[in-house]
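> quick one, structure for this:
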Amino acid sequence: LKRIQAQQKMDELQRRAEQLAEQQRQLEQQTQNTNPNDKAAREQLARQQEQLQRQMERLQEEFRSLEQLSQDAKLDQRKNVQDQLRQAAEQLQQEQSERSMEQSEQSLQQGDFDRARQHMQRSAERMQRFAQALQRAKQEMRKNEMRQIARQMQQALQDLAELSKDQEQLANETQRLDPN
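Prediction:
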C-alpha cells in the first residue's frame, strides 16, 4: 500500500513540477514582452513570481513527505530508486531554487528584466530536471516491480513443476500397489 501511495505521490509531484516549470516559462515570456519602465507591470510580474515561489516551497514540502513515504515503503533500499530520488532532491534544493526565484522577483521589481529572465530560465530548468528525475524514479520502481513479479512467477512455475513431478510419482506408486 505504501508503495502505491509513493507512486501516486511521485505522479502528483511530477505533474506539479512540470506545471510549475511551464508557468515559469510563461512568466518569462510575459517579462520579455513587457516594458521595464511600466512600474505597475513590474509589480504584477513580481507578484506572479512570488506566487510561483510559494508553489515551489509547497512542492519542496511535499517532496520531503515523499522521501519519508519512500523510506516507510522501503523504496530507499533499492539503489536505482534511491539514486533517482537523490537526483530529484538535488534539483529541488531549497536554497538554490528559492534564491533564484527571489532574485528574479527582485530583478523584476528593479526593472532588470534580462537578469530576471535568466533566473526564471534557471528555475524552470531546475523544475523540469526535478520532474524528469521523478519520472526516472518511477520507471526504476516499475522495473523493480516487474523483476519481482517475474521472480515470483518463475518460483511459482518451479513449484508447479515440482508438484507435478510429485503427483506423477504418487500416481506411479499408487498403480504399483496391490488393489487388495
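> what segments of this protein are helices?
Remark: helices assigned in the chain by DSSP state H are 2-32, 39-72, 79-91, 94-110, 113-176.
> tabulate those helices (a markdown table), appending mean neighbour count and mean pLDDT.
Heads up, the C-betas are built off the backbone N, CA and C, glycines and all. What follows is the helices of the chain, written out as a markdown table (neighbours: other CB atoms under 10 Å; pLDDT from 0 to 100):
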| stretch | mean neighbour count | mean pLDDT |
| --- | --- | --- |
| helix 2-32 | 18 | 90 |
| helix 39-72 | 17 | 87 |
| helix 79-91 | 18 | 73 |
| helix 94-110 | 18 | 79 |
| helix 113-176 | 15 | 89 |
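> list the contacts of stretch 164-179.
Outside stretch 164-179, not one residue touches it by CB atoms under 8 Å, 6 or more residues apart in numbering.
> where's residue 47 relative to residue 147, distance?
49 Å (CB to CB, to the nearest Å).
> find the centremost residue of this protein, please.
Centrality entry for the chain: nearest residue to the mean C-alpha point is residue 134, 2.4 Å, by CA atoms, centre = their mean.
> can you tell me how far that one is from residue 166?
From residue 134 to residue 166 the distance is 48 Å (CB to CB).
> equivalent analysis for residue 16, please.
Distance, residue 16 to residue 166, using CB to CB: 54 Å.
> same question, residue 44
Distance from residue 44 to residue 166, counting by CB to CB: 78 Å.
> ok, back up a step: excluding covalently adjacent residues, which one is nearest to the residue nearest to the centre of the chain?
Distances taken as CB to CB, 6 or more residues apart in numbering place residue 14 nearest to residue 134, at 4.2 Å, with adjacent residues excluded.
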